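Next comes the sequence, and after it the predicted model I'd like to discuss.
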Amino acid sequence: MIVKLTVFVLIAAVWSVAGIRALRGREQNKEAALYGGIMGISVALGCLFIARVHVPSFIRPCQMVLEPIGKLLLR
């Protein structure tokens, strides 16, 4: 399990650094920061999924917020 997580993190880190360098080379610093943040969240969630940790779903909170809006639009 630890080997899988380590390999995953190393591959994701190399991929992220390459993408961030490419964006910074084109003077896109804001995009590079956003890309780095998204990749960091993705790596964290990926590690949790590989370790088979139950991650709560965001479906129910989103449904509670968006369902009344959808019903209002369908009237």
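Yes, it's here. Model, not experiment: these values are computed from the prediction.

any idea where the strands of the chain begin and end?
Applying DSSP state E to the chain gives no strands.

Report the central residue of this structure.
Residue closest to the mean C-alpha point of the chain, counted by C-alpha atoms, centre = their mean, is residue 42 at 3.2 Å.

ok, it - contacts?
residue 12 (C-beta atoms under 8 Å, 6 or more residues apart in numbering). Every residue, glycine included, has its C-beta placed from N, CA and C.

Tell me the helices and strands packed up against the helix or strand bottoming out on mean pLDDT in the chain.
Every helix and strand of the chain was ranked by mean pLDDT, DSSP states H and E. The lowest is helix 59-74, at a mean of 91. Judged by 3 or more C-beta pairs under 8 Å, 6 or more residues apart in numbering; DSSP states H and E, helix 59-74 is in contact with no other helix or strand.

And the residue nearest to the centre of the chain, how close does it get to residue 8?
11 Å (C-beta to C-beta, to the nearest Å).

Longest helix in this structure, please.
helix 2-25 (DSSP state H).

From the contact counts, what lies against that helix?
helix 29-50.

What angle do helix 2-25 and the helix it packs on make with each other?
170 degrees (axes from the mean of the first three to the mean of the last three C-alpha atoms, to 10 degrees).
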